[in-house]
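Enquirer: pasting the structure only:
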């Protein structure tokens, strides 16, 4: 997985360098600075997807507050690129924990759907014209429903369960550096650190195939954090002409060791290609195509033992390609002048999942930003 991550970041770096060499003609006003491009009169040239952070730097001494909220849903089961019915899952997929007391030979608890909500407060500060610091803290809520099949075999349904986890996730700190700027073409590198402030010991109710209602440690996907310190590298390049902007953004997550429960989540790598169009000073439209790869969980939490796919560390990760579309609003007058609002919708185009596991359905996110 780390090899895949490095290859993805290298690709992003190569495209970044190529963009710097083949920069586009600019229509920026003479004397316009990088900082002005983000927060001042050059805002016309700074538009782009709100879902990609780390594309811009703040001028020295400037401060920005941000609030982001997002919702995502997962529905239905998939293994690789093949959808899977719950009846097929519970009669054909082996239970990793078979042989332990009370564990049936096949998976008997099938997840139905999962929903996730995230609210995040963030702050950025221009330490210098070429260095911007950032910090973020998310608050997360996850819900999942599952259906339990009766006994060790067959397709008779016993009942359903619903689990919920809620609390602060992993805080993030980091910095962004300007690598290149000429006209509207600029490149930014980032390096962040994710801190293990989110819980990885959340518990919830589950109906066992034997008919018992038990409170157990929930599966890995229902936990609120990674439990590890994680490096967050990124590379971004963008340019534009007239009312159009476009660029490329590469990012990754590198897990630093295992957590206190004996495992580490998979490394991640993502590459985004995007474009935006600004028909008027107060509005811009944007779209991006994202390819993401996530590794399997390394290790196992001995407290997560259930006859359900989410309890098996091998049923995590995979490759996805998703399409996002959004709009940014920047009021030019009234009480909202100086505030910026963004909305983005996303849906998968391709999913090749390490499974069986729930597949992605759709997502929506909202962002508010204000500079000082």
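Expert: Happy to help now that I have it. The structure presented is a predicted model; accordingly, all values stated were derived computationally and were not measured. Numbering: from 1, shown residues only.
Enquirer: can you classify residue 141 as helix, strand or coil?
Expert: Look at residue 141: counting by DSSP: H, G, I helix; E, B strand; the rest coil, its state is strand.
Enquirer: distance of it relative to residue 50?
Expert: In this view, residue 141 and residue 50 are 21 Å apart by C-beta to C-beta, to the nearest Å. To be clear about C-beta, it is placed using only N, CA and C from the backbone, and glycine gets the same treatment.
Enquirer: which one of these two is surrounded by more residues?
Expert: residue 50 (25 against 15; other C-beta atoms under 10 Å).
Enquirer: surely that one and residue 326 touch.
Expert: Yes - if you go by C-beta atoms under 8 Å, residue 50 and residue 326 touch, sitting 6.0 Å apart.
Enquirer: common neighbours of these two, please.
Expert: Common contacts of residue 50 and residue 326 (C-beta atoms under 8 Å, 6 or more residues apart in numbering): 286, 342-344.
Enquirer: what's the closest of those residues to residue 103?
Expert: Closest approach between the shared contacts of residue 50 and residue 326 and residue 103, by C-beta to C-beta: residue 344, at 42.3 Å.
Enquirer: where's the closest one, which helix or strand?
Expert: strand 339-371 (DSSP states H and E).
Enquirer: buried residues, that strand. List them.
Expert: By 16 or more other C-beta atoms under 10 Å, the buried positions in strand 339-371 come out as 340, 342, 344, 346, 348, 351, 353-360, 363-367, 369, 371.
Enquirer: could you do stretch 257-274 as well?
Expert: 259, 261, 263-272, 274.
Enquirer: strands - which of those residues land there?
Expert: Among these, the ones falling in strands (DSSP state E) are 263-264, 268-272, 274.
Enquirer: arrange those in CSV, one row each, with pLDDT and distance to residue 295 as further columns.
Expert: Listed next are these as CSV, based on pLDDT from 0 to 100; distance: C-beta to C-beta, whole Å:
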residue, pLDDT, distance to residue 295
263, 98, 12
264, 98, 9
268, 98, 7
269, 98, 9
270, 98, 13
271, 98, 16
272, 98, 19
274, 98, 25
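Enquirer: just checking, next helix/strand downstream of the helix or strand of the chain with the lowest mean pLDDT?
Expert: In the chain, the helix or strand scored least confidently by mean pLDDT, DSSP states H and E is helix 34-39, which has a mean of 37. Once helix 34-39 ends, the next helix or strand along the chain (criterion: DSSP H and E) is strand 63-80.
Enquirer: could you give the bridge partners of the closest residue to residue 173 other than its chain neighbours?
Expert: Distances taken as C-beta to C-beta, 6 or more residues apart in numbering place residue 135 nearest to residue 173, at 5.0 Å, with adjacent residues excluded. Assessed by DSSP bridges, residue 135 has beta-bridge partners residue 123, residue 173.
Enquirer: what pLDDT does the model give residue 135?
Expert: Confidence at residue 135, expressed as pLDDT, is 98.
Enquirer: ok, residue 51 next?
Expert: As predicted, residue 51 sits at a pLDDT of 87.
Enquirer: residues touching it, list them.
Expert: Residue 51 neighbours (C-beta under 8 Å, 6+ apart): 288, 324, 326, 344, 346, 365.
Enquirer: can you check residue 218 too?
Expert: Residue 218 makes contacts with 144, 163, 165, 202-204, 304, as judged by C-beta under 8 Å, 6+ apart.
Enquirer: name the nearest residue to it, ignoring sequence neighbours.
Expert: residue 204 (4.7 Å).
Enquirer: can you get me a residue count around the one you found?
Expert: Neighbour count of residue 204, defined by other C-beta under 10 Å: 19.
Enquirer: list the contacts of the helix or strand hosting it.
Expert: Assessed by DSSP H and E, residue 204 sits inside strand 203-207. Contact with strand 203-207 is made by 109, 146, 148, 158-165, 213-218, 222, 306, 308, as judged by C-beta under 8 Å, 6+ apart.
Enquirer: quick one: mean pLDDT over that strand.
Expert: For strand 203-207, the per-residue pLDDT averages 95.
Enquirer: check stretch 296-306 too.
Expert: Here the average pLDDT along stretch 296-306 is 97.
Enquirer: got the buried residues for stretch 107-115?
Expert: 107-112, 114-115.
Enquirer: distance between it and the chain's centre?
Expert: In terms of C-alpha atoms, centre = their mean, to the nearest Å, the centre of stretch 107-115 is found 21 Å from the chain centre.
Enquirer: I appreciate the help and will end here.
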